[in-house]
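*Asks:* Please find the sequence and the predicted model below.
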Amino acid sequence: MHAPHPGRLLAASWNVHGFVGADGRFDPARAARLVRSWGADLIGLQESVLVPRGGLSRGALARALGLSVVVGPTLLARRAPFGNLLATRLPVLEVRRHDLSCSGREARGVLDVDLDAAGRKLRVVVTHLGLKTGERAVQLACLARLLAPRDEDGLVLLADLNEWWPWRRSFRRFLAGFGGHVLATFPARRPVLALDRILVRPPECLVRTLAVTRRAASLASDHLPLLAAIDLSGLGRGNKNADTPEPGASAQRPAS
């Protein structure tokens, strides 16, 4: 999928499984080649790890993709930052990082970035929620507060929401107000679960979403990537709320 005209952006979201593929190989360069082939304007990666030796540093990844790279690490893996990452060709205006960690569970976080999309403020959020049902419930509530409209003209959520039970009322309530399509992405070789989502606000800005099913994608991670075309002409339509927190305010950290 390619953004068909200048008024559209192409967004991607992919849990890269620490750049370890189905063949057991740690190969960041393989994933980077695939990502670059999409020509996307916004790329949110979950479970990314940037390793200077035998892998890709932040600078090397930026050069490999031809994009700016913003990182939101949540822990260390292979003695290197591990977590969320945003690569973009749009100018970066502001970066915020929020903690979604629950006590006794793996650290989780939110990478929250304002971008300049042809003079409009586009807020792009990259995150990866927990595995346990109760953990996710707390994180979804926290994320919903965090994503309340502020002064942005539009918002794109690039996420592995890890929601195994999509009919849950709390999850359906969270999705309200966003445009999004339900596509199976996990496990990559025979996907049956829609764990990964690209959600867009205002909803009418989302044009189309597809899962990348090429063999190269199913070999490079245990999740399939998602691509979505976003129409910039709908940005700013009823998306602002004067009563919401000031930019830069952090969401309350989950306590359980």
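*Replies:* In hand now; what should we look at?
*Asks:* Helix or strand next in line after the worst-scoring helix or strand of the chain on mean pLDDT, which one?
*Replies:* Lowest mean confidence among the helices and strands of the chain (mean pLDDT, DSSP states H and E): helix 58-65, at a mean of 83. Using DSSP states H and E, the helix or strand that follows helix 58-65 in sequence is strand 68-77.
*Asks:* Check the gap between S233 and R89 for me.
*Replies:* For S233, the distance to R89 (C-beta to C-beta, to the nearest Å) stands at 19 Å. Heads up, the C-betas are built off the backbone N, CA and C, glycines and all.
*Asks:* sorry, back to before: what helices and strands are in contact with the least confident helix or strand of the chain?
*Replies:* Using 3 or more C-beta pairs under 8 Å, 6 or more residues apart in numbering; DSSP states H and E, the elements in contact with helix 58-65 are helix 28-38, strand 68-77, strand 80-88.
*Asks:* can you pull out the helices in the chain?
*Replies:* Per DSSP state H, the chain carries helices over the ranges 28-38, 58-65, 133-146, 169-175, 215-220.
*Asks:* Out of these, flag the one nearest E106.
*Replies:* Nearest of the helices of the chain to E106, taken as C-beta to C-beta: helix 133-146 at 9.0 Å.
*Asks:* who's more crowded, S233 and R89?
*Replies:* Set S233 next to R89 and count neighbours by other C-beta atoms under 10 Å: R89 wins out with 16 against 11.
*Asks:* where does the stretch 51-200 of the chain dip in pLDDT?
*Replies:* For the stretch 51-200 of the chain, applying pLDDT under 70 flags the ranges 52-56, 77-79.
*Asks:* Please enumerate residues in contact with the least confident helix or strand of the chain?
*Replies:* For helix 58-65, contacts defined as C-beta atoms under 8 Å, 6 or more residues apart in numbering pick out 28-29, 32-33, 35-36, 43, 50, 52, 56, 68-69, 71, 87.
*Asks:* Now the two most distant members of the residues you listed.
*Replies:* I43 and P52 (20.7 Å).
*Asks:* wait, doesn't P81 sit right on V51?
*Replies:* No: between P81 and V51 there is no contact under C-beta atoms under 8 Å: 9.1 Å.
*Asks:* rewinding a little: now, which of the contacts of helix 58-65 sits nearest R201?
*Replies:* For those, the residue nearest R201 by C-beta to C-beta is I43; the value is 19.1 Å.
*Asks:* Could you give the number of residues near that closest one?
*Replies:* Neighbourhood size, I43 [other C-beta under 10 Å]: 26.
*Asks:* give me every residue that touches it.
*Replies:* 11-14, 35, 65, 67, 86-88, 158.
*Asks:* Restricted to buried residues, select the residues you listed in ChimeraX.
*Replies:* For the buried members of the contacts of I43, the matching ChimeraX selection, counting by 16 or more other C-beta atoms under 10 Å, is:
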select :11,12,13,14,35,65,67,86,87,88,158
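*Asks:* Including distance to F186, could the contacts of I43 go into CSV?
*Replies:* Shown next, in CSV, are the contacts of I43 (distance: C-beta to C-beta, whole Å):
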residue, distance to F186
A11, 19
A12, 16
S13, 13
W14, 11
V35, 18
L65, 24
L67, 25
L86, 21
A87, 22
T88, 25
L158, 16
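*Asks:* For A11, give its distance to S218.
*Replies:* Computed as C-beta to C-beta, the A11 to S218 distance reads 20 Å.
*Asks:* make that V156, sorry
*Replies:* When distance is defined by C-beta to C-beta, V156 is 25 Å away from S218.
*Asks:* Give me the more crowded residue out of the two.
*Replies:* V156 (29 against 20).
*Asks:* For the residue lying closest to the more buried one once chain neighbours are set aside, give me its contacts.
*Replies:* Excluding its sequence neighbours, the residue lying closest to V156 (C-beta to C-beta, 6 or more residues apart in numbering) is V124, at 4.9 Å. Going by C-beta under 8 Å, 6+ apart, V124 touches 11, 42, 44, 86, 88, 113-115, 155-156, 158.
*Asks:* Appreciated, that's everything.
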